[in-house]
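In: Pasting a predicted model and its sequence here:
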Amino acid sequence: MYIFLIGKNPFSHHPKSLILDINKVSILPSKCGEYENDRLTQGMTGIFEYPWMALVASSLEPNLEASFICAGSIIHEKYILTAAHCLKFANANAKVCVGEYNIKTDIDYEGLKYDLDCASPSQDIEVEETVIHPMFNKPERRQNDIALLKLKTPIDFTKNNAMAMCLPLSEKLRNLNVIGLDMIVAGWSRDNDKFTGEHIQSRIPVVDSSNCNRTGRTLSQNQFCAKDFCEIFSGGPVMRLSDVNHLALMVQYGIFGYGPSTCHDEIPAVYTNVAKYVDWILDRIKN
C-alpha cells in the first residue's frame, strides 16, 4: 500500500488571478478542486473525495445502445472533459452520470450505523453535443485524444457530491514540467471491460517519454508517459494537489488515454497533457 501526505486543502474560491486570459476564465465555476483528505492511500476512495468524477455513457460501435464505457471530469456546470476515443460512436443516447460512487448501490454512504454521512442522489444528464478535438487521431493515431461533452441541463453544484475540477490556468501550471512528479488517477474499477462498481485510486509517477516511445508508441508534445493503471477505464482525470494562488487545490493535468493491451507493470500508459489544451477548452465553452 502506498501512503503519502498531500496536506489539507484550505477551502476557498477558484482563483482568477495570475492567468493568461481573465475573460475566458470568468466562465468557469467560482469553486473547484477542493480536497479534504490529509493523505491518499492506494485503493478505495472516500465517497466525497473526488466529486468531479463523471461516468460517460456512449457507444463503441455504430447503432449500439449507449453504456458506461469511460470516465470524465466536471470542469463546468454544463461541460465534461474526457478522451475523444470514448466518443467515437457517440449517439443520441449519450449521457453522463455525476455524483456516483458505487454504481451497484442505490445510496452511497460512509460512517457508523448511527452516524451515517449520505451522499446526494447521483445526477443522470443527457448530452446535448459532443465536441471532439478536430485533430483527433492526427497526425498519428490516438494523438489529440481530448473531447468535451456539452450537457442538456446544468449540473447541480448544491449537491454534496458534485464539484468542478480545477484546470491548469496560470502560466506557471501550464508550463509545469510533470516528468518525475507523482500524479493521482482515480476511476471506477473494471473487470473484463465492465464496471464493477468500486471507485479506486492510485499514485502514478510520470516518466520520460522515451519509456513509451521504445514500446512503439510515438508521443507528441501534447502527451505524457506515466505508470499504467489498467484497473480502471480511460477518459478520467490525472490530478495533482497544487499551489494555486496559495491555495491547495486539485488540478487536472492529464486525461487517461491508453495503455498496453494487458496489464503490465513495466509498460507505461499514454496520457493527454491537458495544459496544452486549456485555450481550446475555454474557447469551446465560451462559444
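Out: Yep, it's here. Residues are numbered from 1 along each chain as shown.

In: Then residue 275 would be within a helix, right?
Out: Yes. According to DSSP: H, G, I helix; E, B strand; the rest coil, residue 275 belongs to a helix.

In: Now for it, how many residues are close by?
Out: For residue 275, the count of nearby residues is 20 (other C-beta atoms under 10 Å). C-beta coordinates here come from the backbone N, C-alpha and C atoms, glycine included.

In: any idea how far it lies from residue 204?
Out: 17 Å (C-beta to C-beta, to the nearest Å).

In: same question, residue 210
Out: 17 Å.

In: Settle it for me: which of those two has more neighbours?
Out: The residue with more neighbours, out of residue 210 and residue 204, is residue 204; 21 against 9, by other C-beta under 10 Å.

In: where does this protein dip in pLDDT?
Out: 1-23, 37-43, 59-66, 89-92, 104-117, 119, 191-197, 261-262, 264-265, 287 (pLDDT under 70).

In: Okay, now the sheet partners of the longest strand along it, with direction.
Out: The longest strand of the chain (DSSP state E) is strand 194-207. The strands that strand 194-207 pairs with in its sheet are strand 43-44 (antiparallel), strand 182-191 (antiparallel), strand 223-226 (antiparallel) (by DSSP bridges).

In: With distance to residue 198 and mean neighbour count as new columns, can these be given to me in TSV?
Out: Formatted as TSV, the strands paired with strand 194-207 follow (distance: least, C-beta to C-beta, whole Å; neighbours: other C-beta atoms under 10 Å):
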stretch	distance to residue 198	mean neighbour count
strand 43-44	7	12
strand 182-191	5	20
strand 223-226	22	25
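
In: out of these, nearest to residue 232?
Out: Counting by C-beta to C-beta, residue 232 lies closest to strand 182-191 out of the strands paired with strand 194-207; the figure is 3.4 Å.

In: mind checking how far that closest one is from the chain centre?
Out: The chain centroid and the centroid of strand 182-191 are separated by 9 Å, computed with C-alpha atoms, centre = their mean, to the nearest Å.

In: can you check stretch 204-221 too?
Out: Taking the mean of its C-alpha atoms, stretch 204-221 sits 20 Å from the chain's own mean (C-alpha atoms, centre = their mean).
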